[in-house]
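> need a structure here:
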Amino acid sequence: MTTPAPSTLTTREVAETVGTGPKTLSVFLRASKDYEVVGSGSRYAFTAKDITPMKKRFAKWLAEREAAKTATVSEAQIV
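Here you go, the predicted model:
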């Protein structure tokens, strides 16, 4: 008896679970070295077990991104 392959989630489904849109999630995935493209067309494959660690990584990435934007705006206002 073979073990069934885990069902995969789409980028859209993962984005909804993480609490963002597919475009923002795609930017995160391209910026991260933790996720690799599967197949052609910059497609990713996820399973349910990927969601919890991804939520943590995404939250950290988003906070760092917002901090960088804030720092850039602050520097621009000083000049």
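
> tell me the average confidence for stretch 31-39?
The pLDDT scores in stretch 31-39 average 85.

> Same question for stretch 46-62.
Here stretch 46-62 scores 95 as its mean pLDDT.

> F28: neighbour count?
By other Cβ atoms under 10 Å, the residues close to F28 number 20. No exception for glycine: its C-beta is placed from N, CA and C like everyone else's.

> now R43
10.

> who touches it in this structure?
Shown in contact with R43 (Cβ atoms under 8 Å, 6 or more residues apart in numbering): T11, V37.

> So what does it look like in phi/psi?
phi -100, psi 150 (degrees, to the nearest 10).

> Check F46 too.
Taking degrees, to the nearest 10 as the convention, F46 sits at phi -130, psi 150.

> I'd like to know how many residues surround the residue nearest to it when sequence neighbours are not counted.
In space, and not counting its chain neighbours, F46 is closest to L9: 4.5 Å by Cβ to Cβ, 6 or more residues apart in numbering. L9 has 18 neighbours, counted by other Cβ under 10 Å.

> T70 versus L9, what's the distance?
As judged by Cβ to Cβ, to the nearest Å, L9 and T70 stand 32 Å apart.

> one step back: and the residue nearest to F46, what does it touch?
Listed by Cβ under 8 Å, 6+ apart, the contact set of L9 reads T17, F46, T47, A48, D50, I51.

> I'd like those written out as a markdown table, with secondary structure, distance to V38 and neighbour count added.
Compiled in a markdown table, those are given as follows (DSSP: H, G, I helix; E, B strand; the rest coil; distance: Cβ to Cβ, whole Å; neighbours: other Cβ atoms under 10 Å):
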| residue | secondary structure | distance to V38 | neighbour count |
| --- | --- | --- | --- |
| T17 | helix | 18 | 17 |
| F46 | strand | 9 | 20 |
| T47 | coil | 12 | 12 |
| A48 | helix | 16 | 13 |
| D50 | helix | 12 | 18 |
| I51 | helix | 17 | 14 |
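
> TSV please, covering the residues you listed and showing distance to A59.
Below are those laid out as TSV (distance: Cβ to Cβ, whole Å):
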residue	distance to A59
T17	13
F46	17
T47	20
A48	18
D50	15
I51	12
